[in-house]
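Undergrad: model this:
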Amino acid sequence: MTNLTFLHLTDPHLHPDHPIRAERLALALADAVAQKVDFVAVTGDLTDAGDAPSYQVLRDLLEACPVPVLTCLGNHDHAGHFAAAMPDRARPWRLAEVANVQLVFLDTQVTGRSGGALEEALLDDVAAHLTAPAIVFLHHPPDMDGRGPAWDRLDPASTVALARLMPRVTAVFCGHAHLDRVTIWQGVPVFGHAGLSSAIDPRVNGLLRVTEGAGYAIVRWQGGTLSVTNVALHPERAQIADVPLAVLKP
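TA: Now for the predicted structure:
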């Protein structure tokens, strides 16, 4: 029976001019240690400008974390600088297995583009190794409705190819949109989270209204139940009270 707990982090956008972002990533990783999770998933835009110093900061944070941290690249990342800092992570896709669950991490970065893509041959390679149950992690969400702008998702061809994996996939986790949202696609829940650097106000149309906001998700898969709970890092929620569980009546 599956018994798995992990944190989903996304879009840390590390940058030398914004040290608070490294502090938030460090805080989230400390939470992972305190909660004794099985692993941490970070779905892209690891840095803001793809610069070598930011990847050095990232490497130091990940090396200091005793919990396994698995990553993939987003459109703000630079594959060469990432590979120079962390050559053991530099590959277009990675497969891991925890608690009999396969974890697939896909790089969707396309140089010079905001939108993402995946090579069909790469996904064929993934399919050859994939068995159920599996969880897929990638930066760009698939083009689930076929109506959105190309810069905020995978291209249609990549989406069609990715859809072929879905019969063996239990959930998909992504970033990029800086929104907390869940969409059912191909019968599979696709979870997006705002991430560690900023959020987008979903009520505003015609432009991107960037707001303060940072957080991550705690994911628990126990038996046949998958639950995803969002945790706010910024702004922090003011504490009202601590209520002993013993006083709560069934």
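
Undergrad: and Gly215, how many neighbours?
TA: Other residues near Gly215 come to 20 when the count uses other C-beta atoms under 10 Å. All C-beta spots, glycine's among them, are computed from the backbone N, C-alpha and C.

Undergrad: do the same with Val136
TA: Val136 has 26 neighbouring residues, counting by other C-beta under 10 Å.

Undergrad: repeat that for Ala238.
TA: Other residues near Ala238 come to 5 when the count uses other C-beta under 10 Å.

Undergrad: part of a strand, is Phe105?
TA: Yes. Applying DSSP: H, G, I helix; E, B strand; the rest coil, one finds Phe105 inside a strand.

Undergrad: how about Gly195, what does it touch?
TA: Remark: with contacts taken as C-beta atoms under 8 Å, 6 or more residues apart in numbering, Gly195 is in contact with Leu9, Thr10, Asp11, Pro12, His13, Asp45, Gly175, His178, Ala214, Gly215, Tyr216.

Undergrad: what about the strands in the chain?
TA: With DSSP state E as the criterion, the chain has strands at 3-9, 39-43, 69-72, 93-98, 101-106, 134-138, 171-174, 181-185, 188-192, 199-200, 210-211, 214-222, 225-234.

Undergrad: mind putting those into JSON lines with mean pLDDT and distance to Ala32?
TA: As requested, the strands of the chain are arranged in JSON lines below (pLDDT from 0 to 100; distance: least, C-beta to C-beta, whole Å):
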{"stretch": "strand 3-9", "mean pLDDT": "97", "distance to Ala32": "5"}
{"stretch": "strand 39-43", "mean pLDDT": "98", "distance to Ala32": "5"}
{"stretch": "strand 69-72", "mean pLDDT": "98", "distance to Ala32": "8"}
{"stretch": "strand 93-98", "mean pLDDT": "96", "distance to Ala32": "14"}
{"stretch": "strand 101-106", "mean pLDDT": "97", "distance to Ala32": "15"}
{"stretch": "strand 134-138", "mean pLDDT": "98", "distance to Ala32": "15"}
{"stretch": "strand 171-174", "mean pLDDT": "98", "distance to Ala32": "15"}
{"stretch": "strand 181-185", "mean pLDDT": "97", "distance to Ala32": "22"}
{"stretch": "strand 188-192", "mean pLDDT": "98", "distance to Ala32": "17"}
{"stretch": "strand 199-200", "mean pLDDT": "96", "distance to Ala32": "21"}
{"stretch": "strand 210-211", "mean pLDDT": "96", "distance to Ala32": "25"}
{"stretch": "strand 214-222", "mean pLDDT": "97", "distance to Ala32": "9"}
{"stretch": "strand 225-234", "mean pLDDT": "96", "distance to Ala32": "11"}
